Structures are given as structure tokens and as C-alpha cells.
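A.B. asks: Structure of the sequence below:
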Amino acid sequence: MRRIAITNQKGGVGKTTTCANLGAALSQRGQRVLLIDLDPQAHLTTYFGLDAGAGPGAYELLTEQPSVFETLLKAEQNLTIIPSRLDLAAAENELINTPGRESVLRDRLAVLSDEYDWLLIDCPPAFNILTLNALSAVDEVLVPLQPHFLGLQGVGRLLETVSLVQQRINPSLCVRGFVLCMNESGTRLAGEVIADVRKFLDEARGQDVPWRDARLFDTRIRRNIKLAECPSYGQSIFTYAPKSHGAEDYLALADELMRLPHEAADSGCGDGGEAGAARMAPALANQPAAARAAG
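C.D. replies: Numbers count the residues shown, from 1 in each chain. Below is the predicted model:
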């Protein structure tokens, strides 16, 4: 099972939209997909029109130790979700005295290794115990990024967090890459941000950091009104508007991701460590396009 955390500290960059529709795209390719809503806002759960109050979900899985099979809800064909609700916000306080609290989710999910082909976790827009649990439970990190200055904010700290988790908790953790969402290819700033991200990733090649093999995905998720509409119907883009640009883009992203060898994540990404993160992570937010946009 390939395990991916979809995360970015900044909200509104397409994180939940990507988790929902990338998962749905993989299921369209015949893959068995499990989504976990690890955000107390429960946007991923709401995306599919599910009632998280009907039974145990992510909160209970972290704090009460039910069987993981009791938390599973069917979202669409080949697509299952562990739902969330506002109670999940209390998990941090309840886990504070739990030994190995950063790895509770990983331990709970161990029985599912043969049940699914893909695990995608929608992380909260914060660096807390929930995000740490997500990063401890996966091998790969996918970062949705909106191509403008504000979209770059927080990425440096995210990379520092990934580096610390890889060094201290999860040695197999790697940044798989960045996905541009709500992209408008005709704008000058979008082109500048793309160039800056590529430069940043090129400079990381050969460095002892968890993003040294990361990529900027060729697939761009175009700004598309259908993607904004489908959550209000409790459906993925493939059920709501299967011929839209949004459906085309997420299917292309799924195909691109499936072509990448999983062995790259299994091989490890170096120790990284605090020194490597401090040296490399701030560079992305300090690239020229960010400075020009701020001005």
C-alpha cells in the first residue's frame, strides 16, 4: 500500500480538493483507495456528503482504540474514507500523555496493509499532533501549491517539519513533490513561481534532505468552477462532472503519480536533519517571484 500525506500549512490551496479527487481518480483506474480525514474541520468528510456522527471515525481511532474496520465509510466505488468531525480537535489534549503519541495512527493502520492499494491523508493546516501522526504513518508527502506568493508561505516550515519527522520518527519519509492547483497558465506570476520551485528543487538534488528527489508534477490542476461546485453535491469531480477540465487534470495527476516507482520512497532520502532543513527549507519562500509579488 502506498501511503501519502497531502499537506500544506496554508489553507485554501487545494489540499482537500486534491485528496478527494486524486483518490477518486485512482479509484477510476481500478485502485482500492482509503482516504483519512485528519482535519477537525471535516471538509473531506463533507466533500462526499457523509455523516461523521453516525459512528466512530478518526477521533475514536486515535483516542479510543476501536477496530479500524469500524471507522470505514464507503464514499464511492473503490473509495473508502475514515471520516472526521469537530471532536478531533480534542485529540491533541487527549494524546498528550500517551506514549508514542506521534505514531498512534500508524499503529492503528497496520492491519490494513493488504486491504488497499493507496492511502491518502488529508492533513489539517497546522503543525500539531494530528499532522505528526499523518507524517509518521506515510512514506510520501504531496504538497498542493497555489502559484502565487501567499501560496509559498509556510512551505519552508513544512519542509523543516518533514525533515525532523524523518530524522526522529519515520526514516522512510520523503517529499514526493509539489502539485500546482488553481493554476492559470497565462499569468506571468504563475510562470515565475513555477520557475522558482524548479530552481529550488534542482538545488536540493544531491543534498541530504527528504525533498532531494521531489518533483514539480507536470500535471497542473487548472482553475475550474466544477471543482468548486462538486462538494455541495457530495460527489467527486468524476461523479459530478466527468468530462470537465477538473476531471481531466486529476486523472492525469493520478496517472503521473502511478508511473513513479514506489521504490524511490522505500530507498530513503537521507538523514536530512535540522541543519539540512535550516539550510534548504527557507529558500523556497525567498525566491525572486515571491519578492516581486510581495512588492
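A.B. asks: Please point out which parts of the top helix by length along the chain sit buried.
C.D. replies: Ranked by number of residues, the top helix in the chain under DSSP state H is helix 188-204. By neighbour count on 16 or more other CB atoms under 10 Å, the buried set for helix 188-204 is Ala190, Glu192, Val193, Ile194, Asp196, Val197, Phe200, Leu201, Ala204. For the C-beta atoms, the positions are set from N, CA and C on the backbone; glycine is no exception.
A.B. asks: Wasn't Asp114 part of a strand?
C.D. replies: No. Assigned with DSSP: H, G, I helix; E, B strand; the rest coil, Asp114 falls outside any strand and is coil.
A.B. asks: hang on, Gln9 packs against Arg157?
C.D. replies: Yes. With contact defined as CB atoms under 8 Å, Gln9 reaches Arg157; the gap is 6.3 Å.
A.B. asks: Which one of the two is surrounded by more residues?
C.D. replies: Gln9 (20 against 15; other CB atoms under 10 Å).
A.B. asks: Could you look up the SS state of that one?
C.D. replies: Secondary structure, three-state DSSP: Gln9 is coil.
A.B. asks: gap between it and Asn78?
C.D. replies: Distance from Gln9 to Asn78, counting by CB to CB, to the nearest Å: 31 Å.
A.B. asks: How about Thr18?
C.D. replies: With CB to CB as the criterion, Thr18 and Asn78 are 18 Å apart.
A.B. asks: Looking at this structure, which strand is longest?
C.D. replies: strand 174-183 (DSSP state E).
A.B. asks: Show me what that strand is packed up against.
C.D. replies: Counting contacts by 3 or more CB pairs under 8 Å, 6 or more residues apart in numbering; DSSP states H and E, strand 174-183 packs against helix 15-28, strand 140-145, helix 155-168, helix 188-204, strand 215-222, helix 263-266.
A.B. asks: could I get these as JSON lines with distance to Asn128?
C.D. replies: Shown next, in JSON lines, are those (distance: least, CB to CB, whole Å):
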{"stretch": "helix 15-28", "distance to Asn128": "15"}
{"stretch": "strand 140-145", "distance to Asn128": "16"}
{"stretch": "helix 155-168", "distance to Asn128": "10"}
{"stretch": "helix 188-204", "distance to Asn128": "26"}
{"stretch": "strand 215-222", "distance to Asn128": "27"}
{"stretch": "helix 263-266", "distance to Asn128": "24"}
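A.B. asks: rank those by mean pLDDT and give me the bottom one.
C.D. replies: The stretch with the lowest mean pLDDT among the helices and strands packed on strand 174-183 is helix 263-266, at a mean of 48.
A.B. asks: Of the helices and strands packed on strand 174-183, which is nearest Lys243?
C.D. replies: helix 15-28 (13.0 Å; CB to CB).
A.B. asks: contacts for the following helix or strand past that closest one?
C.D. replies: Downstream of helix 15-28, the first helix or strand assigned by DSSP states H and E is strand 33-37. Residues from elsewhere that reach strand 33-37, judged by CB atoms under 8 Å, 6 or more residues apart in numbering: 19-20, 23-24, 26-27, 43-45, 52, 57-58, 72, 75, 78-84, 105, 112, 115-122, 134.
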